[in-house]
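A.B. asks: Fold the following and give me the result.
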Amino acid sequence: MGAKRRPAIQPTKELEHEIRKAVLKYVESNKARRRFTWGDFFEEVDVSRTLWSKMVYKGQQSITLDTAVRLLDGIGMKLQVVPKETIRRTFLSDDIIP
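C.D. replies: Numbering: from 1, shown residues only. Model prediction:
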């Protein structure tokens, strides 16, 4: 039997959701301009379609750190680790909640 996975914590789920939204927006905007497909995107970033399907449609699998970095790099973004204190000082706007 395989090892049991621990349930993902809420901040992880929120980060995964944000990454999925950013990737979806990128692929959809490029689809119309240059006949860009999901298959093209997955080949570019070297992420399997099966993994994406499990994450998005079935909710069975979380994004690993490597996958998150690959997906974000593919759309021109980066994942950065910052202390919580820095976030609170940087974002003082009411619409951004740290």
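A.B. asks: hey, let's count contacts and neighbours off CA atoms from now on
C.D. replies: Fine.
A.B. asks: Hmm, V69 is touching L79, no?
C.D. replies: Yes: between V69 and L79 there is a contact under CA atoms under 8 Å: 6.2 Å.
A.B. asks: Centre-most residue in the protein?
C.D. replies: I19 (2.5 Å; CA atoms, centre = their mean).
A.B. asks: Looking at V69 and L79, which one has more neighbours?
C.D. replies: Using other CA atoms under 10 Å, the more surrounded residue of V69 and L79 is V69, with 17 against 13.
A.B. asks: Now do stretch 19-36, average pLDDT.
C.D. replies: The average of the pLDDT scores along stretch 19-36 is 84.
A.B. asks: typo on my end, it should be stretch 41-53
C.D. replies: Mean pLDDT, stretch 41-53: 81.
A.B. asks: Quick check: buried residues in it?
C.D. replies: 41-42, 45, 47, 52 (16 or more other CA atoms under 10 Å).
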